[in-house]
Structure formats: C-alpha cells, structure tokens
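Trainee: sequence below, structure please.
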Amino acid sequence: ERLGEMVASLAAQGVPVDSALASSSPLEAIKQVLTDHQFDEIIVATLPQPFSRWLGADLPRQAERRFGLPVTTITTQR
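Mentor: Below is the predicted model of the structure:
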C-alpha cells in the first residue's frame, strides 16, 4: 500500500519510477533488484536516528561494500 502511494506521488511530480517488492531483508532486496537491473547508485531512504534500524545496522556502508556502488542516504521525517 505504501509503495503504491509513493509511486503515485512521484509519478504525479513527473518523476519516472519503477517499483518492485522484494525480500524483507534490505541487503537481500538490493541484491535481487541488482540481478535484473543496472544502477549507478543505491539510494537508501530511512527514518532518522535513533528510530532507524537500517542506520543502526549500518546498512548504507554494508550495501556500499557488498555491491561496490556509491550509497546516498536520505533521512525522512516520518
């Protein structure tokens, strides 16, 4: 449901977007997407510290090391 809302919001702003649901493990989900697509960068959108489990687990640095792509982290307010 949230994915659909986000895709609709971005499309309404003229942003070309593609979406997919993958594993609940963020690193496994990134791996699955990279199997089918090629990207120049990984963007991680997450809650701020101390609420973000991804930042607490150092997901951005883990993804950069594992996949060899630069990672940009966007911290949201909600």
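
Trainee: what are the ranges of the helices in the chain?
Mentor: Assigned by DSSP state H, the helices in the chain fall at 2-12, 26-36, 53-56, 59-67.

Trainee: got CSV for those, with mean pLDDT and mean neighbour count too?
Mentor: The way it works is simple: take the backbone N, C-alpha and C, and place the C-beta from them, glycine included. As requested, the helices of the chain are exported to CSV (pLDDT from 0 to 100; neighbours: other CB atoms under 10 Å):
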stretch, mean pLDDT, mean neighbour count
helix 2-12, 89, 10
helix 26-36, 93, 14
helix 53-56, 91, 14
helix 59-67, 97, 16
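
Trainee: select, out of those helices, the one closest to residue 18.
Mentor: helix 2-12 (8.5 Å; CB to CB).

Trainee: next one: that closest one to chain centre, how far?
Mentor: Centroid separation for helix 2-12 versus its chain: 14 Å, with CA atoms, centre = their mean, to the nearest Å.

Trainee: could I have the CA atoms of it written out in PDB?
Mentor: Output in PDB follows, covering the C-alpha atoms of helix 2-12 (Å, rounded to 0.1, in the frame of the first residue of the first chain):
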ATOM      1  CA  ARG A   2       2.800   2.500   0.900                       C
ATOM      2  CA  LEU A   3       4.700   1.600  -2.200                       C
ATOM      3  CA  GLY A   4       1.700   2.300  -4.300                       C
ATOM      4  CA  GLU A   5       1.200   5.700  -2.600                       C
ATOM      5  CA  MET A   6       4.900   6.600  -3.100                       C
ATOM      6  CA  VAL A   7       4.900   5.600  -6.700                       C
ATOM      7  CA  ALA A   8       1.800   7.600  -7.400                       C
ATOM      8  CA  SER A   9       3.200  10.700  -5.600                       C
ATOM      9  CA  LEU A  10       6.400  10.600  -7.600                       C
ATOM     10  CA  ALA A  11       4.600  10.000 -10.900                       C
ATOM     11  CA  ALA A  12       2.400  13.000 -10.200                       C
END
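
Trainee: that concludes my questions; thank you for your assistance.
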